[in-house]
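Undergrad: Would you be able to build a 3D model of this:
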Amino acid sequence: MAEVEITKGPSTWRIVLAAILDFFTAFWVFGLLVASIFGGTTEGGFNLQGGPALLLFALIVAYFVVCNKFLGGTIWKRILRAQR
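TA: Next comes the predicted model:
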């Protein structure tokens with residue numbers, strides 16, 4: 001009979017924490033980038049409406065898709081070792 005090796009995945013709290021931290025990181029980095037290009041910066045951060053806000057949303061989605069599909073995981077998934 002062949003032996004089957006069972007590998008345990010990362011804990012759920014690591015996956016959830018990584019997703020939350022990735023979202024906030026992408027939101028702030030891409031938000032400030034888009035705001036600085038399109039003139040939406042404020043004293044407290046940024047304020048995006050219309051097209052720039054949609055661009056921010058698209059960049060956040062692209063971050064998750066590209067990192068998970070092509071780069072082996074997002075930044076926080078790698079830091080917290082939450083990759084499956």
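Undergrad: Quickly find the element holding the spatially most central residue of the chain.
TA: Central residue of the chain (Cα atoms, centre = their mean): Asp22, 3.5 Å from the mean position. According to DSSP states H and E, Asp22 maps onto helix 12-38.
Undergrad: Flag the shaky bits of the protein, pLDDT-wise.
TA: Scanning the chain for pLDDT under 70 picks out 1.
Undergrad: State the number of residues packed around Trp28.
TA: 12 (other Cβ atoms under 10 Å). Just so you know, the C-beta spots here come from the backbone N, C-alpha and C atoms, and that holds for glycine as well.
Undergrad: Just give the nearest non-adjacent residue to it, would you?
TA: Nearest residue to Trp28, sequence neighbours excluded (Cβ to Cβ, 6 or more residues apart in numbering): Gly45, at 7.7 Å.
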